[in-house]
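> sequence below, structure please.
(chains A and B)
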Amino acid sequence: MSSDLIFKSAAELAALLETGQVSSVELTQAFIDRRRAVDDRVKAFNSFDETDALAQARASDARRAGGEMRGALEGIPVGLKDVIAVAGQPLTCSSRMLANFVSPYDATVAARLKSAGAILWGRLNMDEFAMGSSTENSAFQTTSNPWDLERVPGGSSGGPAAALAAGEVPLALGSDTGGSIRQPASFCGVVGFKPTYGLVSRYGLVAFASSLDQIGPFARTVEDAALLLGAIGGHDPLDSTSYPAAIPDYRAEIKKHRGPWKLGVPKEYFGPGLNAEVAGAVRAAIEFYQGAGCEIREVSLPVAAEYAIATYYIIATAEASSNLARYDGVRYGHRSKEGSDAIDLYFKSRAEGFGPEVKRRIILGTYVLSSGYYDAFYLRAQKVRTLIRQDFLNAYREVDALLAPVAPTAAFKKGEKSSDPLAMYLSDIYTISLNLAGLPGISIPCGFTREGLPIGLQIIGQPFQEAGLLAIARAYEQAHGWNGMNPKL
Amino acid sequence: MASPSDIDIDYVANLARIALTDTEKEIFSRQLGDVLRYIEKLSAVDVSHVEPTAHAFPISNVWAEDTPQPGLPVEAALRNAPAQRDDMIVVPVVVE
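Numbers count the residues shown, from 1 in each chain, chains lettered A, B, ... in the order given. Now for the predicted structure:
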């Protein structure tokens, strides 16, 4: 029974729960058993609490029996990237700095999952403080790609992507600052969705780069992503950047949007550096849309394509250097035993608590904000950011959405880029500009390399037009069977 | 734009309040030099008539009513403190 459950979509699981063919306790136990069977190889979980998950599941079954169901996710387990606060659970950000931290409160998304009836199951691995593209920057363990254990799952949300691909969770939440949901979704062959900036509350998400960070769903299908987005999205007074508007019922809404659409293909995204097999799979997806009656137009994103990475690594590191100043060993987090006075305590606690990539980014961010350099780096980057956003808005005068690769290659080998930060940064080239422009983007599976590694198609939407974007993704998904393929573990 | 050779790792690490080892200083200087040389390409963009974007959908002046609400109990707020005594966080001596 349990092996039949673990690769079902959340919508299918909801139907089984509804008709009483399975209980939430049975379902939760199936994912607990799966974690026990495979996570010594996948290493997606930083921590988990089986007793607590089963207690949540029993409470859900009791609600259902009593006719007091909470919402669309009643009884369904959801895994969380270890950067989102859940009251009483560990929250490590895969950093020694927070190795022993326990959340005193719920993130808004965690509270909303609970009020939708979900079972919160597991704390999932990531690059330390969400800084990285391979999950190799975790202070605790390196997660493996379930399709090839020698390869990375992508990052920074490598834990959620790998756990989902391995059948250890049916849904998960990640965060995306420069591609950290879409790129691991692409590497692991699952659906990963970064919503428009402001659509999902960041309250209780540990901050990396506040003007870029966004929480979003990992799912097996586009419909599941819509279901999860509907549960977590919408205005939150606790996040002052939260967009003050009601959200639609995405799951119902995506079935109303029908093509044909006008779709743009950014010509700069298919240049040198894009792996031929990835290009081939993405081009085949474009041909599918054309065959389905969509009008395909070539568009140009000249500033975004050339300058997004440089712009990002100024803005993101500047914001990170400010946000991570709070880790000083005083109120919470790691405190050095060697501090001779208050200032010395800061220096040593931060030296001991942070890993190399976090230190590198704090140093770079501090440098670009330091006296005499602010105008040359930070202010200039914010102006280029305006031009990047204009690139996309210009394209959207002609088309409804854009089709692109997610990453230049499929999953790379562990250790391949870990000693060369710039090479790692350059692998974010197709995802990073969406965060700078605040746009929604989804990665859906669109094929495999000859070596059997998943390839992702990125669809880039217009601000707050999530339903339309998801409908475009669903049209492709329904005509292909990629999400029925699962890794052998 | 500033030259990449300008990065003074001791000065910046001091601003960032991070004690770096000599090995870290050497490695970070070299790696950040690569990144800064890459970032320098932004100096080629004409931004003379462009307004900066702080974030993509600026919502400014978000006001909230000043109504009392329950906060974290002291015990919960201190749960993660590295050292505490009498409902306070203990720190090294700041003033003699």
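
> show me the contacts for the nearest residue to A:Ser103 once chain neighbours are set aside.
Excluding the flanking residues, the one nearest A:Ser103 by C-beta to C-beta, 6 or more residues apart in numbering or on different chains is A:Ala85, at 3.9 Å. Bear in mind the C-beta positions are built from the backbone N, C-alpha and C, glycine included. Taking C-beta atoms under 8 Å, 6 or more residues apart in numbering or on different chains, we find A:Ala85 in contact with A:Leu91, A:Ser103, A:Tyr105, A:Asp106, A:Ala107, A:Ala110, A:Gly204, A:Leu205, A:Val206.

> which of the residues you listed lies closest to chain B?
Nearest to chain B among the contacts of A:Ala85 is A:Tyr105, at 6.8 Å by C-beta to the nearest C-beta.

> from memory that closest one sits against A:Ala87, does it?
Yes - with contact defined as C-beta atoms under 8 Å, A:Tyr105 reaches A:Ala87; the gap is 5.4 Å.

> circling back to that earlier point, distance of the residue nearest to A:Ser103 from chain B?
According to C-beta to the nearest C-beta, to the nearest Å, A:Ala85 stands 12 Å off from chain B.

> please apply the same query to A:Arg58.
A:Arg58 is 26 Å from chain B, where distance means C-beta to the nearest C-beta.

> going along the chain, name the strands of the chain.
Went with chain A since none was named. A:45-47, A:77-81, A:119-124, A:171-176, A:191-194, A:214-219, A:262-266, A:295-299, A:401-405, A:441-448, A:454-460 (DSSP state E).

> the chain in question should be chain B.
Going by DSSP E, chain B shows strands at B:84-85, B:88-89.

> and for the last one, what's in contact with it?
Taking C-beta under 8 Å, 6+ apart as the criterion, the residues outside strand B:88-89 that touch it are A:Val330, A:Arg331, B:Leu78, B:Ala81, B:Pro82, B:Ala83.

> how about the nearest residue to the last one, chain neighbours excluded?
Of all residues not flanking B:Ala83 in the chain, B:Val90 sits nearest, at 4.0 Å (C-beta to C-beta, 6+ apart).

> can you check the third one too?
Nearest residue to B:Leu78 in three dimensions, chain neighbours excluded: B:Gln84, at 5.2 Å (C-beta to C-beta, 6+ apart).

> so the one you found is in contact with B:Val91, correct?
No - applying C-beta under 8 Å as the test, B:Gln84 and B:Val91 come out as separate, 10.3 Å apart.

> more neighbours: these two, which one.
Neighbours per residue, other C-beta atoms under 10 Å in any protein chain shown: of B:Gln84 and B:Val91, the larger number sits with B:Val91, 18 against 14.

> roughly how far does that one sit from chain A?
6 Å.

> show me the contacts for the residue of chain A found nearest chain B.
As assessed by C-beta to the nearest C-beta, chain B sits closest to A:Gly438 within chain A, at 2.3 Å. Shown in contact with A:Gly438 (C-beta under 8 Å, 6+ apart): A:Thr196, A:Tyr197, A:Gly198, A:Arg389, A:Pro463, B:His55, B:Ala56, B:Phe57.

> go with 10 Å
By C-beta atoms under 10 Å, 6 or more residues apart in numbering or on different chains, the contact set of A:Gly438 is A:195-199, A:211-212, A:214, A:385, A:389, A:392, A:463-464, B:53, B:55-58.
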